[in-house]
Every structure is written in structure tokens, then in C-alpha cells.
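Chemist: Fold the stuff below for me.
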Amino acid sequence: MDVMCNPACIDFARKHLERWEIRDRAVLEVGSLDVNGSLRPIIERLGPARYIGVDITPGSGVDEVCDAHAILERYGVQSFDVVISTELLEHVRDWRRVVHGFKQVLRPGGVLLVTTRSRGHPYHGYPYDFWRYELEDMRQIFGDLDIEALHDDPTEIGVFLKARKPHAFAEHTLDDIALYSMVTKHRTQTLSTWQSVRFRLMTGGRHRFARTRYLVWDTTARLVPRPLKILIKRKLLPLYALFKNPPHGK
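Modeler: Coordinates of the predicted model:
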């Protein structure tokens with residue numbers, strides 16, 4: 001899954017990751033293929049003992065090819081002090097298994113840093129785009145960790161999280177959580193294999209166009225001054241959403 005780490009994501013990491021949390025520690029980045037920005041240079045300047053970037057395809061930033069669903073089987077329980085995942089969770093169909101892997105490979109006292117997209121962010125299939133996460137979703141999903149920072153992406157439509165694994169960790173079940181799906185266009189607990197296959201068949205021919213369109217959109221967005229982006233997100237996007245989905249009875 002390609003890394004598309006925007007400047008706000010990079011600022012979040014700079015602000016919330018301390019040198020003592022990284023120095024001489026083992027770091028795992030899940031979804032590390034660098035297409036247009038990465039946290040890796042920032043993390044490596046803090047002096048980790050080991051940094052492993054994994055993705056489903058080889059390329060820049062990828063040390064080992066490994067599916068995000070398989071990190072627990074690959075690396076084992078409590079094998080890393082820091083787990084980083086930027087712009088990955090929206091792309092994995094079985095998000096529960098991936099989150100379970102994040103929590104289990106992390107050592108007690110270790111840090112998890114996650115960024116992902118929320119509803120309203122455009123479709124971007126790298127290779128597929130299944131889910132959208134809101135602040136309350138993240139509170140529920142990572143409620144068995146000690147959440148130290150959780151807020152909206154200040155310039156785009158997404159969420160940022162930093163959490164720490166408690167020493168007395170008891171993993172919560174996530175079975176009842178329903179997320180907004182780009183497949184069904186409403187909240188759902190799971191996507192069946194048939195829904196996923198059908199979605200892939202229906203969107204397969206559009207992936208190259210969607211990827212190009214999103215890269216253009218992302219590159220253009222980076223040229224917009226940050227104060228203007230904040231204004232657009234906080235003022236104009238809510239008005240647009242209200243226009244598209246007026247209150248009942250109006």
C-alpha cells in the first residue's frame with residue numbers, strides 16, 4: 001500500500017514522537033512504499049536500533065515484502081517498540097486482522113502511530129480503497145491502548161492517532177464496530193468475499209485513471225497554502241456536505 005504522507009501527517013509525527021521513544025528501539029512501518037512523502041527520514045534521525053519497512057510490493061522504502069495482514073505471523077508477538085502505519089488502513093479489506101497485528105507485534109509500553117482517511121476523502125485505489133474512519137471509530141478500535149493524541153487531519157479529510165500499549169494489555173473485541181465502506185456506501189461491519197470481488201471487478205478498469213487523478217489531486221493540494229487549506233476544510237467542506245445532504249424535511 002503506497003505511502004501518501006501529507007505535510008500535516010509529517011508535522012503530527014514531529015510533534016508527538018519523542019527521541020527517547022525511538023532511540024535504540026525497533027521500529028516497524030506497515031505500508032512503507034514511498035510514493036509521495038514518508039515519515040521514515042524523520043524517524044531514522046531519532047536513532048532507532050532497527051527500522052523495517054514492509055509493503056505488498058517492492059520499491060522505495062520497502063525493506064521486506066509482507067502483506068499487512070501477515071505481520072503477526074511474520075514477526076511474532078511483542079517484536080517491536082514502535083509501529084507506524086500511514087495511509088494504510090483504508091486500503092485493507094480485513095482491517096480487524098491488520099489492527100490485531102499492530103497491537104500484538106507491539107511490546108508493552110510501545111508506541112503506535114496511525115494515520116488514515118475519513119468520509120469525504122476521494123477514492124484512491126492503491127490497489128483498492130475500502131474504508132473510512134472517524135474520530136469515534138478510532139477511539140473504539142484503539143480503546144484498549146492508552147490514546148495519547150487523536151485528532152482530525154487539520155488540512156485534509158482524515159484522522160491521526162498516537163497510542164501506547166499498556167503493560168496490562170487486554171485486547172478488546174472489534175466485531176461489533178461498523179465502518180463507512182467505499183464499497184457499500186454505508187456503515188457495515190464486514191465486507192464479504194463476494195462484495196470485495198465484485199467491487200474489484202467493477203473498479204478494476206478505473207484504477208489507473210483513479211490513481212492518476214488522485215496523484216494530480218494530491219500534488220495540487222500540496223501547492224495550496226496551509227491556512228487556505230484549513231479554511232476550506234473547516235468552512236467550505238461542511239457547507240458543501242450540507243448542500244449535498246440537506247436535513248430531512250428541508
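
Chemist: What ranges does the chain have for its strands?
Modeler: 2-3, 26-30, 33-34, 50-55, 64-65, 80-86, 106-117, 131-132, 146-152, 158-164, 179-181, 187-188 (DSSP state E).

Chemist: Let me know which of the ones you listed is the nearest to E73.
Modeler: Nearest of the strands of the chain to E73, taken as Cβ to Cβ: strand 50-55 at 12.3 Å. Glycine gets a C-beta too; all of them are placed from N, C-alpha and C.

Chemist: partner strands of that closest one, parallel or antiparallel?
Modeler: With DSSP bridges as the test, strand 50-55 is paired with strand 26-30 (parallel), strand 64-65 (parallel).

Chemist: what comes up buried for that strand?
Modeler: Y51, I52, G53, V54, D55 (16 or more other Cβ atoms under 10 Å).

Chemist: Mind putting those residues into JSON lines with distance to T155?
Modeler: Listed next are these as JSON lines, based on distance: Cβ to Cβ, whole Å:
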{"residue": "Y51", "distance to T155": "27"}
{"residue": "I52", "distance to T155": "29"}
{"residue": "G53", "distance to T155": "25"}
{"residue": "V54", "distance to T155": "28"}
{"residue": "D55", "distance to T155": "25"}
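
Chemist: on that earlier part again, will you turn the strands paired with strand 50-55 into a markdown table that also has mean neighbour count, mean pLDDT and distance to R164?
Modeler: Listed next are the strands paired with strand 50-55 as a markdown table, based on neighbours: other Cβ atoms under 10 Å; pLDDT from 0 to 100; distance: least, Cβ to Cβ, whole Å:
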| stretch | mean neighbour count | mean pLDDT | distance to R164 |
| --- | --- | --- | --- |
| strand 26-30 | 25 | 98 | 15 |
| strand 64-65 | 12 | 97 | 25 |
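
Chemist: Could you point out which of those sits nearest E18?
Modeler: Of the strands paired with strand 50-55, the one closest to E18 (Cβ to Cβ) turns out to be strand 26-30, at 13.5 Å.

Chemist: what separates the closest one from the chain centre, distance-wise?
Modeler: 14 Å (Cα atoms, centre = their mean, to the nearest Å).

Chemist: which one of the strands paired with strand 50-55 lies closest to P166?
Modeler: strand 26-30 (18.9 Å).

Chemist: contacts for the closest one?
Modeler: 39-40, 43, 48-54, 61, 68, 71, 75, 79-86, 88, 98, 101-102, 105 (Cβ atoms under 8 Å, 6 or more residues apart in numbering).

Chemist: Check stretch 96-107 too.
Modeler: 28, 30, 68-72, 75-83, 85, 88-89, 92, 112, 114, 141-142, 144-145, 165, 169, 171, 174-175.

Chemist: Now the buried members of these.
Modeler: Buried by 16+ other Cβ under 10 Å: 28, 30, 68-69, 71-72, 75, 79-83, 85, 88-89, 92, 112, 114, 141-142, 144-145, 165, 169, 174, out of the contacts of stretch 96-107.

Chemist: How much space separates the residue lying closest to I177 once chain neighbours are set aside from Q195?
Modeler: Spatially, and ignoring its direct neighbours in sequence, I177 is nearest to Q140 (5.6 Å; Cβ to Cβ, 6 or more residues apart in numbering). Plainly put, Q140 is 23 Å away from Q195 if you go by Cβ to Cβ, to the nearest Å.

Chemist: do A149 as well
Modeler: From A149 over to Q195 (counting by Cβ to Cβ), the distance is 34 Å.
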